[in-house]
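Peer 1: Below is the sequence, then the predicted model.
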Amino acid sequence: MSEFGSVFFCDGATPIMRSLVNLYHIYCYNMIYFLVGISFFITAFVRMAPHQGWCVTFHSQSLEFTWTAIPIAVLISLLLPGYKMVIQMDECVNPLCTVKVTGSQWFWSYEYGDYAAPAAMGEKGWDSSVIHPAVGSYSFSQYMKAESDLELGELRNLAVDKLAPFPEGIWVRLLGSSTDVIHSWSVPFFGVKSDVIPGRIIETPMFLDEMGTFSGQCAELCGVNHAFMPIGVEVISHHAFTRLIKP
């Protein structure tokens, strides 16, 4: 759980977010090991007397091979887990639910498909071909709550008038578009930052395995009220979600 003044990551609500945090820790530990090792090597090498060779070595094939091979091995060791993470972030296994998010200045609109694939691609803005009315008709817009409407415990600039429901325990295909400028649908708990661009459909797979209420914000500078475009998501059980969106 993120708290005021905390310097750590928030608890991940998706396998991807938890993997991203683990990858960050791996990189940090590796950098610490390399820093300590290189510092020790340089210190020991410089402290050698001149006659021991450090300042009179003008050519050494073994030395050149070593300082070329070691950095390459280090970079490969850092590349492999990052590459695996990138592949996992694009993986979507049999998505059972499609949610279309449309960004506008300065609110979000949600449209839900009833466990059906998009009917068409390449739509712009408000067009509804991607979620055909025949397969799902649950939709709404989400606005930030005014400070005068906040209830006890709600956070200023993060509270919304209506939470967007998402199902727990199944793959969700998030489709993003925009009606005006570039926005970004970002929820740190999910490890998701999906830019939504006018005239394009951006697909982002998600698998949510933690129920609860999660907050995010637009992460792309989109105008004068960019700071007042929060995201509110409620992850509920699969059965509750099915009852909610079915017409």
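Peer 2: Thanks, I have the structure now.

Peer 1: Check the offset of the strand or helix carrying residue 111 from the chain's centre.
Peer 2: Element membership of residue 111 [criterion: DSSP states H and E] is strand 107-113. Put simply, strand 107-113 sits 19 Å off its chain's centre (CA atoms, centre = their mean, to the nearest Å).

Peer 1: average model confidence for the helix or strand following that strand?
Peer 2: For strand 107-113, the succeeding helix or strand toward the C-terminus, using DSSP H and E, is strand 138-142. The pLDDT scores in strand 138-142 average 89.

Peer 1: now swap in stretch 234-247 and tell me
Peer 2: Average pLDDT, stretch 234-247: 84.

Peer 1: And that stretch, what's buried?
Peer 2: Buried residues in stretch 234-247, defined by neighbour count with 16 or more other CB atoms under 10 Å: 235-236, 241, 245. Yep, even glycine has a C-beta here, placed from its N, CA and C like the rest.

Peer 1: okay, the angle between the strand holding residue 111 and strand 138-142?
Peer 2: Orientation of strand 107-113 against strand 138-142 (axes from the mean of the first three to the mean of the last three CA atoms, to 10 degrees) gives an angle of 170 degrees.

Peer 1: okay, stretch 180-192 in CSV with CA atoms only?
Peer 2: Provided in CSV are the C-alpha atoms of stretch 180-192 (Å, rounded to 0.1, in the frame of the first residue of the first chain):
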residue,chain,number,x,y,z
ASP,A,180,-8.7,15.4,-29.0
VAL,A,181,-5.1,15.3,-27.9
ILE,A,182,-2.8,12.5,-26.6
HIS,A,183,-3.6,11.3,-23.1
SER,A,184,-2.2,8.4,-21.1
TRP,A,185,-4.2,6.0,-19.0
SER,A,186,-1.9,5.2,-16.2
VAL,A,187,-2.5,3.1,-13.0
PRO,A,188,0.7,2.5,-11.1
PHE,A,189,-0.8,-0.4,-9.1
PHE,A,190,-1.3,-2.3,-12.4
GLY,A,191,2.0,-1.5,-13.9
VAL,A,192,0.1,0.1,-16.9
